[in-house]
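Asker: no sequence for this one, just the structure:
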């Protein structure tokens with residue numbers, strides 16, 4: 001349930017989420033967001049004003065150019081809108097987001113919020129997948145509704161495995177990270193495991209309410225699942241190679257991205273801190289050393 005030490009307002013808001021039919025709501029939003037109707041335009045204009053979207057960055061600045069609300073939400077940006085950090089050893093931000101937490105993975109555990117942590121093994125769906133990240137580093141990035149919702153590669157890499165782990169679809173807004181223990185390991189998620197010149201890298205896309213739909217450039221839209229065994233896809237025989245800054249997937253409404261790296265492989269930018277906003281292509285830190293690829 002909820003953490004009794006969290007602020008009362010957070011606990012009350014989070015309590016209501018426990019009884020909601022997360023997947024049913026998300027399926028309904030999925031259908032509504034894809035309707036092609038004239039009613040979409042006033043809703044889109046309200047959304048742009050309410051959340052302060054910068055449409056000048058988009059390929060199409062006019063909301064009427066998008067056939068559905070979801071098309072607006074997953075809009076592409078114009079070329080040059082997100083320049084990449086020119087340093088070849090920079091670890092790039094994979095998303096426009098707010099830093100939720102970052103730091104060391106201590107004894108296999110990642111910090112969620114004050115008083116809450118969770119295991120890398122639970123997040124990735126197995127101790128063997130978590131082993132390379134023992135005592136490594138992580139960063140958690142929260143995408144709000146106003147953010148650009150495509151996810152890009154933080155470093156060049158070759159996909160070796162994906163793990164689709166079913167679960168709930170709690171909101172991942174800041175109040176739930178403070179109030180719901182183990183939030184990111186309770187929610188449905190897609191863990192993408194890459195080999196890079198700097199060693200293994202895990203990029204986890206966490207679903208949330210209204211975000212039962214996650215897409216990747218190699219597999220398309222991922223069907224939402226509330227329960228069942230993790231669905232593992234081995235990509236060794238059919239590798240997907242992606243360059244730093246290249247799009248790897250997208251959320252169909254806001255959510256969270258978590259990056260995990262092995263010990264000693266990243267030196268975070270000293271100015272980086274929780275609550276800081278970052279943008280795709282921005283340097284989050286410096287990758288350390290090259291690891292020969294097998």
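Answerer: Received it, and whenever you're ready, just let me know what you need. Quick caveat: nothing in here was measured; it's all calculated off a predicted structure.
Asker: how about the contacts made by residue 275?
Answerer: 98, 99 (C-beta atoms under 8 Å, 6 or more residues apart in numbering). Every residue, glycine included, has its C-beta placed from N, CA and C.
Asker: got the contact list for stretch 264-273?
Answerer: By C-beta under 8 Å, 6+ apart, the list of residues contacting stretch 264-273 reads 91, 99, 102, 136-137, 139, 198-199, 278, 283-289.
Asker: now the strands for the stretch 151-294 of the chain?
Answerer: Here the stretch 151-294 of the chain has its strands, by DSSP state E, counting those that start in this stretch, at 157-165, 189-196, 199-206, 214-216, 220-222, 231-234, 240-242, 247-251, 256-261, 266-268, 277-278, 283-287.
Asker: related to what we said a few turns ago, which one of the contacts of stretch 264-273 is nearest residue 72?
Answerer: residue 278 (22.5 Å; C-beta to C-beta).
Asker: tally of neighbours for the closest one?
Answerer: Residues lying near residue 278 (other C-beta atoms under 10 Å) number 20.
Asker: so who does the nearest residue to it once chain neighbours are set aside touch?
Answerer: Closest residue in space to residue 278, ignoring its immediate chain neighbours: residue 93 at 4.3 Å, by C-beta to C-beta, 6 or more residues apart in numbering. Going by C-beta under 8 Å, 6+ apart, residue 93 touches 141, 154, 278, 279, 280, 281, 282, 283, 284.
Asker: helix, strand or coil for residue 100?
Answerer: strand (DSSP: H, G, I helix; E, B strand; the rest coil).
Asker: if I look at the closest residue to it other than its chain neighbours, how far off is residue 102?
Answerer: Excluding the flanking residues, the one nearest residue 100 by C-beta to C-beta, 6+ apart is residue 140, at 4.1 Å. For residue 140, the distance to residue 102 (C-beta to C-beta, to the nearest Å) stands at 7 Å.
Asker: neighbour count: the two, which is higher?
Answerer: residue 140 (25 against 22).
Asker: just the contacts of residue 93 now: which is nearest residue 225?
Answerer: Residue 225 lies nearest to residue 141 out of those, by C-beta to C-beta, at 23.5 Å.
Asker: I'd assumed residue 147 was in contact with that closest one.
Answerer: No - using C-beta atoms under 8 Å, residue 141 is not in contact with residue 147, being 9.5 Å away.
Asker: shared neighbours of those two, anything?
Answerer: Common neighbours of residue 141 and residue 147, using C-beta under 8 Å, 6+ apart, are 95, 97.
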